[in-house]
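# would you be able to build a 3D model of this:
(one chain, ligands or ions: 2)
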Amino acid sequence: MAFKVAEYKTDVHIDWCPGCGDFGITSALQQALAELEIEPHNVALFSGIGCSGKFPHYVNAYGIHTLHGRPLPFAIGCKLANPHLTVIAISGDGDGLGIGVGHFVNAGRRNVDITYIVANNGVYGLTKGQASPTLRLGLKTKSLPKPNINEGINPLLLAFASGYTFIARTYSYDVRHQVETFKQGILHRGLAYIDVLQGCPTYNDLWTKDWYMGRDHIDPETGKPQPRLYRLEDTDYDPVIPPEGLSKEEYEARVARFVQKALEWGDRIPIGVFWKDESVSTYEDRIRATAPTYLDLPPALRPICDEDGRPLTDIRKFLDELRVTG
Ligand SMILES: Cc1ncc(C[n+]2csc(CCOP(=O)(O)OP(=O)(O)O)c2C)c(N)n1
Ligand code: SF4
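Ligands and ions are numbered 1, 2, ... in the order given. Purely as a prediction, here's the structure:
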């Protein structure tokens, strides 16, 4: 069965600002799901709060607009209850790396098979452009009265340190690159982090489309702009740790190269897949090791009542045990 992108669209009015990078992310997510032929009713999309919180309203799937910083615990709970669903969490950088950073880190320890997309625009868009945790020290966007006095978090390094087994970066105005990156993240067995360099033309006048495309960075010989973004897939960079793992020396060399690429920022900014570790068990595998029927009968698919509608569980015994007497 062929899937059309239109099947993943909703008719809800989109109220992002003109030129917002979130349009490209939505379109790429819809295309990725269509190309992977995942039926809308098998997708659950969780967001937090912010302009990025609105994604589930615009993608035809199960959509859950949760609390500020909390899409990950909701998404993980959903996936564990029904591991047959494709579960995607989506945040802004303020949502995911500010208030939600504890969940970001702890999710890495579990390696649940979900995809986490962060629309990284360097600002808190919905609340009028305050510096977000990814904005670097000394930078001043048009919405800040003074340069940022905090150092910025590097989300790729944090994802690696936390244990994410797939780490990628893509760009909101390059829909095709996002589609390929989202597809790889969704297909990866384990926790995928995808950082999207997202344009917020209303509040971030530093990380603009023109800046990413190097329009201020003219090649003296050709007279043409030199784009800052380049694709790792156009280089000899290999992000894959195979299922059987690597020798200690090979692994450490890969880590060193990953760190080098994750730190590269300025006139050259890599996008693409930085890390793909296929050697780590998923949380679902670990549950199955102790509960072999888990995948056949996960919690959300278990019957809760008999054919007459009577509940199959009786909590009276449990309540009796808790009762405190005399
Ligand atoms: C507990 C709580 N604290 C603060 C807020 C206010 N608030 C709403 S959106 C937002 C920031 C969103 O920024 P970001 O995650 O970067 O998303 P963007 O709007 O840039 O997509 C904040 C602080 C809130 N809604 N809930
Ligand atoms: S404030 Fe920024 S992130 Fe929010 S809708 Fe406008 S351009 Fe997009």
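# low-confidence ranges, the chain, go.
Scanning the chain for pLDDT under 70 picks out 1.
# please redo it, this time with the cut-off set to 90
Scanning the chain for pLDDT under 90 picks out the ranges 1-3, 304, 311-326.
# residue boundaries of the helices in it?
Secondary structure of the chain by DSSP state H: the helices cover 22-35, 55-58, 71-81, 93-94, 101-110, 155-162, 175-187, 209-212, 248-263, 283-290, 316-322.
# what helices or strands is the fifth one leaning on?
Here helix 101-110 is seen to pack against helix 71-81, helix 155-162 when contacts are counted using 3 or more Cβ pairs under 8 Å, 6 or more residues apart in numbering; DSSP states H and E. C-beta: built from backbone N, CA, C; applies to glycine.
# of those helices, which is nearest residue 303?
Minimum separation from residue 303 across the helices and strands packed on helix 101-110 (Cβ to Cβ) falls at helix 71-81, 14.4 Å.
# okay, buried residues for that closest one please.
71, 72, 73, 74, 75, 76, 78, 79, 80 (16 or more other Cβ atoms under 10 Å).
# does residue 267 touch residue 229 like I think?
No: using Cβ atoms under 8 Å, residue 267 makes no contact with residue 229, being 10.7 Å away.
# what's around residue 299, how many residues?
12 (other Cβ atoms under 10 Å).
# start the count at 49 instead of 1 going forward.
Yes, from this point I'll number from 49; that puts the last item at residue 347.
# relative to the top strand by length along the chain, what are the paired strands and their orientations?
Looking across the chain with DSSP state E, the single longest strand is strand 317-325. According to DSSP bridges, strand 317-325 forms sheet pairs with strand 214-219 (antiparallel), strand 277-279 (parallel), strand 288-289 (parallel).
# what residue in the stretch 149-298 of the chain comes nearest to ligand 1?
Nearest residue of the stretch 149-298 of the chain to ligand 1: residue 173, at 2.9 Å (Cβ to the nearest ligand atom).
# how near is the nearest residue to that residue once chain neighbours are set aside to residue 63?
Distances taken as Cβ to Cβ, 6 or more residues apart in numbering put residue 99 closest to residue 173, at 4.3 Å, once the chain neighbours are dropped. Distance, residue 99 to residue 63, by Cβ to Cβ, to the nearest Å: 9 Å.
# tell me what the residue nearest to residue 217 when sequence neighbours are not counted is bridged to.
Excluding its sequence neighbours, the residue lying closest to residue 217 (Cβ to Cβ, 6+ apart) is residue 243, at 4.5 Å. Note on residue 243: beta-bridge partners by DSSP bridges are residue 166, residue 217.
# burial of residue 243, as a residue count?
Applying other Cβ under 10 Å, we find 27 residues neighbouring residue 243.
# look at residue 373 and say how many residues are nearby.
3.
# and if you look at residue 185?
Residue 185: 11 surrounding residues under other Cβ under 10 Å.
# and it, what does it touch?
The contact partners of residue 185, by Cβ atoms under 8 Å, 6 or more residues apart in numbering, come to 196, 197, 198, 199, 200.
# quick one on the thing from earlier: so which of the helices and strands packed on helix 149-158 gets nearest residue 371?
helix 119-129 (29.3 Å).
# starting at the chain centroid, how far to that closest one?
In terms of Cα atoms, centre = their mean, to the nearest Å, the centre of helix 119-129 is found 13 Å from the chain centre.
# neighbouring contacts of that helix?
Contact with helix 119-129 is made by 92, 94-96, 112, 114, 133, 135-139, 143-144, 148, 151-152, 155, 158, 160-162, 164, 331-332, 335, 346-348, as judged by Cβ under 8 Å, 6+ apart.
# near ligand 2 too, which of those residues?
Among these, not one lies near ligand 2 by Cβ under 6 Å from any ligand atom.
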